[in-house]
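1. sequence and predicted structure are below.
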Amino acid sequence: MGVGTNVQNRAVALHHMDCPWRPADLAQRDGRIIRQGNQNPQVRVIRYATEASFDVYMWQTVERKAAFIHQITAGTVAERSVEDVGDTTLSFAEVKALASGNPLIIEHAELTADVTRLERLADAHRADQTRLQRIVDTAGRTVELCTDRIGQYEAAIAHRVDTRGDRFTMTVTGHEHRARSDAGQALKDELARRLRTFEQHPEPLGRLAGFDLQATVTQGHDPAATIVVADTPISVTFDRAAIVAGDPVTLIRWLEQPIQTLDTKLADTRIEHDHALKRRAAAEARIGLPFEHAQPLKDLQRRLAEVTTQLAPPDPDEPSAGDDATASPDEPTRGVPTARTRPSGPRPAPRRPDSTTTETLRTSNAEPEEALFTPSAIDH
């Protein structure tokens, strides 16, 4: 039964007689019985597989596909390759292991999933250590920068002259102006002249609020002039449009505003300085902490290596335990091919594994694999 079958109201058991090609097909089958509306509180999902048959390859293929899909949908992909086996695919891995007749494959799948999960945590721990070191370095540079600016702001505040209201006065190219409109117009004319003559080097421009002003012109696609307030971190840039068509009083207020708000900048810089100190201290406290799952990861890796060795095929060049090195010359040496005569009569037909429903995941007399589910707890 597949897509469109609607028997979920009284279904009690679902039998997988074969393995489909896609994990979604298995989910679709299970959705016929594990869904809301089923009147049975518990249902059985039974999967059949024939030992030493193509079922092993089919279940392994579905397992690999489901592992990839699980990582993509769960958002757990940390590398370019995906090899993890999630909770959904472990049941497929178990069926594959049972069908192969070797229960070590189940342990191998579980160990691989656990090792992969802890290795990702270890990678995340190493990345976190690197990130913490970057925080320490960045916060350290921020502390140094803020310390320098705090000193500059404090010195500038002590040196600043109040130009608010009628106390305004500004010198432009050696001429003193007491009206903002006059000072702004003189500023516009001087900056426009420097744009025309392309004076790139910083040149003295005038004086405002007790600070010397310098102007630097930049040409190119968007010509502009930058005014630097000496002995402060303050600089104001005017583009060509503002210089040519801007309001003179507005230009002066743009230049005057950062000087009059030095107190606010000082307070903000002190707050930034304190926050950087706290970030650096918190990061330094976590740098060097060991990975908390280091020992469990080593134990799992060691056990995985042991299981992998046990699952590896035997070396054909290595003599078997039954080889008799002390055999007499009159007897053929065990393990060494000798000439044999072919028996007369018809050859017996090769024994094929039983593929009926009585053939189970392990042996022919074992019970089929069953899984109990509560339909009301799962919404498909």
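-> Alright, I've got the coordinates.

2. helices of the stretch 201-350 of the chain, start to end?
-> 240-245, 248-260, 262-286, 294-311 (DSSP state H, counting those that start in this stretch).

3. among those helices, show me which one is buried the most.
-> Across the helices of the stretch 201-350 of the chain, averaging neighbours per residue (mean count of other CB atoms under 10 Å) puts helix 248-260 on top, at a mean of 17. For the C-beta atoms, the positions are set from N, CA and C on the backbone; glycine is no exception.

4. contacting residues for K65?
-> K65 makes contacts with R22, P23, as judged by CB atoms under 8 Å, 6 or more residues apart in numbering.

5. and it, what helix or strand is that in?
-> Here K65, judged by DSSP states H and E, is contained in helix 55-74.

6. quick check: mean pLDDT of that helix?
-> For helix 55-74, mean pLDDT is 76.

7. ramachandran coordinates for Q42?
-> phi -140, psi 150 (degrees, to the nearest 10).

8. what about it, distance to L26?
-> Per CB to CB, to the nearest Å, Q42 is found 20 Å from L26.

9. now R193
-> Taken as CB to CB, the span from R193 to L26 is 80 Å.

10. give me the more crowded residue out of these two.
-> It is L26, of R193 and L26, that has more neighbours when counted by other CB atoms under 10 Å, with 20 against 12.

11. what sits against T226?
-> A215, T216, T218, S235, V236, T237, F238.

12. what of T269?
-> C146, R149, I150, Y153.

13. what about V136, neighbour count?
-> V136: 18 neighbours (other CB under 10 Å).

14. for it, helix, strand, or coil?
-> Here V136 is recorded as helix under DSSP: H, G, I helix; E, B strand; the rest coil.

15. now it. Nearest residue, chain neighbours left out?
-> Computed as CB to CB, 6 or more residues apart in numbering, the closest residue to V136 that is not its neighbour in sequence is A283, at 4.9 Å.

16. H125 versus the one you found, what's the distance?
-> 14 Å.

17. for R207, same thing?
-> 58 Å.

18. still on that earlier bit, residues touching the residue nearest to V136, list them.
-> So, once contact is read as CB under 8 Å, 6+ apart, A283 ends up touching L132, Q133, I135, V136, A139.

19. average model confidence for the helix or strand where the first one lies?
-> Same thing as L132. Assessed by DSSP H and E, L132 sits inside helix 104-159. Mean pLDDT, helix 104-159: 91.

20. can you name every helix or strand that the very next helix or strand once past it contacts?
-> Remark: after helix 104-159, the chain's next helix or strand is strand 170-172, criterion DSSP H and E. On a contact count with 3 or more CB pairs under 8 Å, 6 or more residues apart in numbering; DSSP states H and E, strand 170-172 meets strand 175-177, helix 180-197, strand 203-208.

21. adding distance to V115 and mean pLDDT, write these out as TSV.
-> Compiled in TSV, the helices and strands packed on strand 170-172 are given as follows (distance: least, CB to CB, whole Å; pLDDT from 0 to 100):
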stretch	distance to V115	mean pLDDT
strand 175-177	77	92
helix 180-197	67	89
strand 203-208	68	88
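
22. tell me the pLDDT of the residue nearest to V136.
-> 94.

23. do you know how far it is from L289?
-> 11 Å.

24. overlap in contacts, those two.
-> Common neighbours of A283 and L289 (CB under 8 Å, 6+ apart) do not exist.

25. surely C19 and W59 touch.
-> Yes: C19 lies in contact with W59 (CB atoms under 8 Å); the separation is 5.3 Å.

26. the helix holding L132 to helix 262-286, inter-axis angle?
-> 150 degrees (axes from the mean of the first three to the mean of the last three CA atoms, to 10 degrees).

27. packing partners of helix 104-159?
-> helix 87-100, helix 262-286, helix 294-311.

28. cheers, nothing more for now.
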